[in-house]
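Engineer: Here is a sequence with its predicted model. Questions after.
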Amino acid sequence: MGTIWPSNLTGTLAGKPGPKYKRVADTIRLAVQNGTLQIGAKLPPVRELAYQLSITPGTVARAYTILTDEGVLKAEVGRGTFVAERRTKVLDDVWSRQLHLLEQANPDHVSLFSPRLVDVGQVALIREALRKSADCDRLALLNYPTRDAYRDVRQAVVDWLSDTALGPLDESDIVLTHGGQNAVMTVLQTILQDSEPTILVEDLSYAGFRRAAEVLRAKVVGVAIDEHGVIPEALEVAIRNSGASVLCTSPEVHNPTGTFTPLERRQAILAVLKRHGVQVMEDDCYRMGEARAPTYRALAPELGWHVTSISKSLTPALRVGFAIAPVGKTSALRRMAEYGYFGLAQPLAEVTRILLTDPRSKPLVQKVRAEMAEYVRVAVNVLGAFELTWDSQVPFVWLRLPSGWRAGAFTRAAEAQGVQLRSADEFALRDGRAPNAVRIAINGHVTLARFESAMLRLRSLLDNPPEQISV
């Protein structure tokens, strides 16, 4: 099979700005998208294309590697580099569902894509709560939700969150949402009032922030981070350059790296935010253990918004979350929730109240933490020789890949072994640079033995990186 490099692409390449390797990658990517290069087309060898373009082989090799990591190209040892089959978001979702189904039937398939909690008795408790909720007042099943009708539910939430330093708080401050993502969306809808709104996020961050911003037609600007979270000096520059109105961050458990922002750093971040009148939304949904520092709302009650849920403590299936506004802004948050979805369905609100007030619930949460920590221990035992960031109370680990592996190639190789992971690229801004790393979520739905088997497969891949594209 002959190689393909349409002559018109050389002229297109010459007119592009930026580093040469990026120009080559962009040109090939566009040619694939518009059909100039068809699926299965074989690209010229690195040295041949470098000669045609009058650039170095290393430049071409770097462009090929980038596109291979993205899944645009595929490299086959001994055969060459080809245009890969397209992987759309829809196809990715279908593959995800297929893998979950395979996981149930085949012990060789394990999804480590999103955290899954161990069942230590909460399923029985939820079923019991569902039965009890059916016995609520009949009019509650015929009327629209009302603010007063949910007072007991909100008080249950306040009691549930009593071990978290949230600043001045009573039941009227709680806004019930359909999970953490709905809480994020509702908070941003409340905050973003400008005609061209902008939000700040960590350079690597929870993708839900960006998705919410996209729906709200808001610009997203990244802020540099280090091992302690957002860098205050970088935050200062980002605010001055963007005019952003809110920083979205996860200081207790940063998603995806699992790092923690200590009190001193939080205070430095708040000093910058206060100087510019910028608000902060803290996403606390991934924390399973005790909070290690006061929340931003506790430290700055006039600026701090707080979002959390029961997804990582009891279950994500009910889609129950909680949003808390800064002091004096609860009415605006509540109004936005009422305009958006009226409130939780009465049966769901009642199930939530029953669960959160059941004296068995918090002990079950402790058991969930302990069991999930065992899975973390297995991951660390198997993968600990590599650069791993972990915490026994965090339902994922962050793995920086060794030399020889790129994140995209590694996730595809893992998929071929029946193990699904998230690449660092999924947490980076579109125009940002992602580290060579993957997030490995803890899956408590499979046995420890099956989970360990998945870890061993990953270690085998890490120990045996593929041959590099020849230059």
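Structural biologist: Nice, thanks for sending it over.
Engineer: Was I right to think Gly121 contacts Leu364?
Structural biologist: Yes. Counting by CB atoms under 8 Å, Gly121 does reach Leu364; the two are 5.3 Å apart. Just so you know, the C-beta spots here come from the backbone N, C-alpha and C atoms, and that holds for glycine as well.
Engineer: Compare the two and say which is more crowded by neighbours.
Structural biologist: The neighbour comparison of Gly121 against Leu364 (other CB atoms under 10 Å) goes to Leu364, with 19 against 14.
Engineer: The more buried one looks like it's in a strand, true?
Structural biologist: No. Leu364: not assigned to a strand; according to DSSP: H, G, I helix; E, B strand; the rest coil it is helix.
Engineer: That one against Ile310, yeah?
Structural biologist: No. The pair Leu364 / Ile310 is not scored as a contact, 11.3 Å apart, by CB under 8 Å.
Engineer: After the helix or strand that contains Gly222, heading C-terminal, what element do we hit next?
Structural biologist: Gly222 belongs to strand 219-223 when assigned by DSSP states H and E. Following strand 219-223 in sequence order, the next helix or strand is strand 225-226 (DSSP H and E).
Engineer: Adjacent strands (with direction) for that next one?
Structural biologist: According to DSSP bridges, strand 225-226 forms sheet pairs with strand 229-230 (antiparallel).
Engineer: any residues touching the strand it pairs with, and which ones?
Structural biologist: 202, 223-224, 247, 249, 251, 254, 259-261, 265-266, 269 (CB atoms under 8 Å, 6 or more residues apart in numbering).
Engineer: now do stretch 383-403
Structural biologist: By CB under 8 Å, 6+ apart, stretch 383-403 touches 115, 117, 253, 255-260, 286-290, 312, 369, 372-373, 376-377, 379-380, 407, 410, 435-442, 455, 458-459, 462, 465.
Engineer: Just the buried ones from these, in PyMOL syntax?
Structural biologist: Here is the PyMOL command that selects the buried residues among the contacts of stretch 383-403 (16 or more other CB atoms under 10 Å):
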select buried, resi 115+117+253+255+256+257+258+259+260+286+287+288+312+369+372+373+376+379+407+410+435+436+437+438+439+440+441+442+455+458+462+465
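Engineer: Now the buried members of the contacts of strand 229-230.
Structural biologist: The buried subset of the contacts of strand 229-230 (16+ other CB under 10 Å) comprises 202, 223, 247, 249, 251, 254, 259-261, 265-266, 269.
Engineer: quick one on the thing from earlier: just the ones of the contacts of stretch 383-403 in strands?
Structural biologist: Among the contacts of stretch 383-403, the members falling in strands (DSSP state E) are 437-441.
Engineer: got those residues as TSV, with distance to Asp135 and pLDDT columns?
Structural biologist: Shown next, in TSV, are these (distance: CB to CB, whole Å; pLDDT from 0 to 100):
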residue	distance to Asp135	pLDDT
Ala437	50	96
Val438	47	97
Arg439	42	97
Ile440	43	98
Ala441	37	97
